[in-house]
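# Here you go, sequence then predicted model.
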Amino acid sequence: MRCLWLTLFVILIAFCACKTTAPATDINPSSLPKKSAMLKKQADEDAGIGRYTAALDVYARLIKKHPKNSELLLGRAEVYADMLDWPSRLSDLQQVYDMGPAARSPGLLLEIGKTYYELDELELARTRLEEYLATDTRAQRSRATAEKLLSNIDFLQNKASNHNQVKLTSLGENVNTAELEYLPSINAEEDMLVFTRRSQGQEDLYLSRKQADGTWGIALPLSDINTAENESGHCLSADGKTIIFTKCDQETSYGSCDLYITELRTDGWSVPMNLGSTINTQAWEGQPSLSANGKFLIFSSSRAGGQGGRDLWISKRLDVDQWTAPVNLGSEVNGVGNEGTPFLHPDGLSLYFRADGRSGYGGYDLYMTRLGQEGWSEAINLGSPINTKRDEGSLIVNLRGDRAYFASERLKADAVNARGDIDLFSFEMPAVIRPQSVTFVKLLVLDRKTRELIDAAVDLHAYADRDAFLSTRTGLDGEILVCLPLGDDYAMSISAEGYRDYSRAFSLAEVREESDAYILTVELEEYDDILIEPDPIILENVRFRSGSTDLLEASFLELDGVVRLMEARDDIRIEILGHTDDVGDDQDNLLLSQNRAQSVADYLISRGISSSRLSAIGYGESRPIAENTTEEGRAQNRRVEFRVLD
């Protein structure tokens, strides 16, 4: 491909130049003798496989023999471009330019402008690019390139100081190789890394796990997923059990490239399944990002109805294999060019992506946008040195929001054979572009008596949100991981057939900084094992509107569990106990506790439980279980309990 591009480039310059009366030997590619032409071909082949020293040696000999041959100078200039040696490239291009007006084709002007841009000689770049636009009125793609560079120059000269000083750290030789590594993804625990490696044109998915010393282990191919064809453009779910990836030209495909899903089972990854015709179309779909709660999928698509080329779209999951019709993310995110590699942080608010249609540093730059009450904010450029004059690939951020992973083109250490490569790096996120911190809950659900794993349903609600934040199952391995954005209180209910529900509250509404993860082993008790005993059971997730007896929506999760208990054990009655803290008047607190206990009883009655099996009593502030001297203690004392009676 490199040789084809170079041939077309040289022909373009020669074609424009041949319209003049200049000597053909100066600018005509056909002027090279046969032997020299063969040597040049060998030099280009060497350059194409990274043997730059050999290529430059051949070009040096040829140019010494034919010092005024533009084809040789332009060919060597392309070798220097591959090496990112912009001063040397400019020297060769300038020699062709100095051959006179006959040699100054539009293509040459464009290449000189691009090279000045790489050297940060922005005004000189502007001059040549504007000169090019004035001479070439037909080559729309090349004109678009020049116009984009001019837009970038305006951006770089007028932007505010946003050079985030970040230190890039390579993910190490167990991950980065002489091949191309890109499109990383991590799980919530940040100990599992999946990425694409491209070798000899073949794209495959690889997995690396973090070792005890904090480094990444040797990356191994995901053989259950990889085939003789390409697998790439993927995302890894927060719990590390689901991969959605891009695959092209399959018999099961709806278009050129589609999205497929695979899940981790006890015996390996499942056979990948097409996500279906709601997500995939006759157009191109790829580069997905699955929200941490598994409810939303953002992906890139060239389908009709977008803002430009490839846009970002979002779909909501209705069921295991059902999705809503995708909706375009709109003009705040999507522009006239292409958007891709989205990453929706587990906070559910911060979206990172790449785009090539905006002013910036290079071709594809990395951007972020935040979701607010009015929708997505205007996308902002992540700045330098995250963005460079190269095309950036993708960026993901860990749960805490303090470390990012991305793929970028950096120079190899060998100064002689320096070569642009794509490797994986990490860096500390600058505060201005950090997402909201997120913690997680990791659950293992067991039978209390047998210690066997249980396939249980897990429901999670934010108290302030009417809709479920997450509804899922632990699966046969009895384990689940759930991400919880800080700033909300959450109610969790775990249920399994034949067992009493388990409930837990996570109070994160006042937490704004990093919080430790919750690692829980939950032991469920079978209904038949529930004993009649005097110790009350706290209803952890039963809460009321402030100063009211109105139950919050999240309370119904736990109360429905009480309903199931009483339906399974028709031989028991329960007593509902209401309590308050010591703030306020004693009699007011006693009345409030009684009314709240009765509100719980009324809900159970509305669900079909006989009132004869229920009693409600309020104790006000008389039975605290914690000191009332702190807000945490008072919160524990404001509670509703129930006691099983015979």
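Yes, it's here.
# just checking, what packs against the helix or strand harbouring Ala404?
Per DSSP states H and E: Ala404 is located in strand 403-411. Using 3 or more CB pairs under 8 Å, 6 or more residues apart in numbering; DSSP states H and E, the elements in contact with strand 403-411 are strand 180-186, strand 395-397, strand 420-428. Quick note: C-beta positions are derived from backbone N, CA and C, even for glycine.
# And those: which comes nearest Ala325?
strand 180-186 (25.7 Å; CB to CB).
# which residues are contacting the closest one?
Residues outside strand 180-186 that contact it (CB atoms under 8 Å, 6 or more residues apart in numbering): 175, 192-199, 206, 232-236, 287, 341, 393-394, 396, 398, 405-407, 421-424.
# do stretch 626-644 as well
Residues contacting stretch 626-644 (CB under 8 Å, 6+ apart): 507, 530-539, 542, 562, 572-583, 596-597, 600, 621, 624-625.
# before we move on, back to that, of all the helices and strands packed on strand 403-411, which one is nearest Glu567?
Nearest to Glu567, of all the helices and strands packed on strand 403-411, is strand 180-186, at 43.2 Å by CB to CB.
# Now do the buried residues in the next helix or strand after the closest one.
Once strand 180-186 ends, the next helix or strand along the chain (criterion: DSSP H and E) is strand 192-199. Residues of strand 192-199 classed as buried by neighbour count (16 or more other CB atoms under 10 Å): Met192, Leu193, Val194, Phe195, Thr196, Arg197, Arg198.
# quick check: angle from the following helix or strand past strand 192-199 to strand 420-428?
With elements assigned by DSSP H and E, the helix or strand that comes after strand 192-199 is strand 202-209. On the basis of axes from the mean of the first three to the mean of the last three CA atoms, to 10 degrees, strand 202-209 is oriented at 30 degrees to strand 420-428.
# So which elements touch strand 202-209?
Judged by 3+ CB pairs under 8 Å, 6+ apart, the packing partners of strand 202-209 are strand 192-199, strand 220-221, strand 232-236.
# which other helices and strands contact the longest one?
Packing partners of strand 192-199 (3+ CB pairs under 8 Å, 6+ apart): strand 180-186, strand 202-209, strand 232-236.
# can you rerun that using 10 Å?
The elements that strand 192-199 packs onto, with contact taken as 3 or more CB pairs under 10 Å, 6 or more residues apart in numbering; DSSP states H and E, are strand 180-186, strand 202-209, strand 232-236, strand 242-248, strand 403-411, strand 420-428.
# Which strands border it, and is each parallel or antiparallel?
strand 180-186 (antiparallel), strand 202-209 (antiparallel) (DSSP bridges).
# show me what contacts Trp284?
Thr246, Cys248, Gly255, Ser256, Cys257, Asp258, Ser300, Ser301, Ser302, Arg303, Gly309, Arg310 (CB atoms under 10 Å, 6 or more residues apart in numbering).
# So what sits opposite it in the bridge?
Cys257.
# Tell me the spacing between it and Arg265.
30 Å (CB to CB, to the nearest Å).
# cool, Leu591 as well?
55 Å.
# Please apply the same query to Trp323.
To Arg265, Trp323 is 22 Å away according to CB to CB.
# So between those two, which is more surrounded?
Taking other CB atoms under 10 Å, Trp323 and Arg265 do not tie; Trp323 has more neighbours (16 against 13).
# Is it correct that the more buried one is in contact with Gly294?
No - with contacts counted by CB atoms under 10 Å, Trp323 stays clear of Gly294, the gap being 11.5 Å.
# Which strand or helix spans Cys110?
Check again: residue 110 is Leu, not Cys. helix 106-118.
# just checking, what packs against that helix?
Helix 106-118 is packed against helix 2-17, helix 70-82, helix 86-97, helix 122-135, helix 140-158, with contacts defined by 3+ CB pairs under 10 Å, 6+ apart.
# looking at those, which is buried most?
Among the helices and strands packed on helix 106-118, helix 70-82 has the highest mean neighbour count (mean count of other CB atoms under 10 Å), at a mean of 24.
# for Ser277, what are its contacts?
Contacts of Ser277 (CB under 10 Å, 6+ apart): Tyr254, Gly255, Asp258.
# Mind listing what's buried along stretch 277-290?
Buried positions in stretch 277-290, judged by neighbour count with 16+ other CB under 10 Å: Ile279, Asn280, Thr281, Ala283, Trp284, Glu285, Gly286, Gln287, Pro288, Ser289, Leu290.
# Which single one of these is nearest to Ser105?
Nearest member of the buried residues of stretch 277-290 to Ser105, counting by CB to CB, is Trp284, at 34.2 Å.
# For the protein, which helix extends over the most residues?
For the chain, the helix with the greatest residue count under DSSP state H is helix 586-606.
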